[in-house]
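S.K.: I'll drop the sequence and a predicted model, then ask my questions.
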Amino acid sequence: MTSTEKFTSLNGQAREATEKTAEVFKHNVHQATERTEDFVAQLPKVNLSEGVERYFEFVQKAVDLQRDMATQWAELLTSVSGSLREQSESFSHLVTEQTDKVADLTVKQAEKAEQAAKDQADKVEQAKREQEQEAEETEKAKAREAKRVEREEARKVQEKAREAYEGLTKAELSDQLSERGLSKTGNIDELIERLVTADSN
């Protein structure tokens, strides 16, 4: 049984006992006043002062009991209120700490995510630069190779063109140059080179 139920039960019992005593008191008074004087001597003596004294004594006890119960109830409420206040403060402090921890963790996670995104962006940019550089190097290599092939082809063409003049004497080379209106000065290689150049034009 809870304290509230005990208090209610005791208060009800005290009220019920008080009402019964009052009924007895009123009943005795009515009996004494309603009978005639002829029967007064025959009636049993009723000690009204004792009843009154018992009534007020019981009322006093009921008041004392109610006061004690009210005091205990107030102390209990005060104790519970203090306990609840302490628990509330403790809970509030705990919630604040947890909120701060969650906020700090969120900030750290956001910073980590930002750093990770930055690192990833740097890697992507670096990879892009490397690809561009590789592509540029590839293009340069292709250009060099093309020039090399072009020079090689030109060399082969020139060698092929020189074959027609290889074995000719200087006089024969001079005659061909004269027919084309070209200079006849120089050694055999220079004469052949001049003829080859003229053929390519």
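M.R.: Thanks, I have it. Being a predicted model, the structure only gives us computed values, none of them experimental.
S.K.: could you pull out the helices for the chain?
M.R.: Secondary structure of the chain, counting by DSSP state H: helices at 3-34, 48-163, 170-179, 188-200.
S.K.: pLDDT of the shortest one, averaged?
M.R.: Model confidence over helix 170-179, given as mean pLDDT, is 92.
S.K.: touching it from outside, list them.
M.R.: Helix 170-179 is contacted by residues 165, 168, 183, 184, 187, 188, 191, 192, 194, 195 when judged by C-beta atoms under 8 Å, 6 or more residues apart in numbering. C-beta coordinates here come from the backbone N, C-alpha and C atoms, glycine included.
S.K.: could you check the angle that helix makes with helix 188-200?
M.R.: 30 degrees (axes from the mean of the first three to the mean of the last three C-alpha atoms, to 10 degrees).
S.K.: quick one on the thing from earlier: between the helices of the chain, which gets the lowest average pLDDT?
M.R.: helix 3-34 (a mean of 62).
S.K.: show me the protein divided up by domain.
M.R.: 3-90, 164-201 (automatic domain parsing).
S.K.: same question for the last one: list its buried residues.
M.R.: Right, the one you point to is domain 164-201. Residues 165, 168, 173, 174, 176, 177, 191, 192, 193, 194, 195, 196 are the ones in domain 164-201 that count as buried (16 or more other C-beta atoms under 10 Å).
S.K.: wait, residue 192 sits on residue 166?
M.R.: Yes. Taking contacts as C-beta atoms under 8 Å, residue 192 lies within contact range of residue 166: 7.4 Å.
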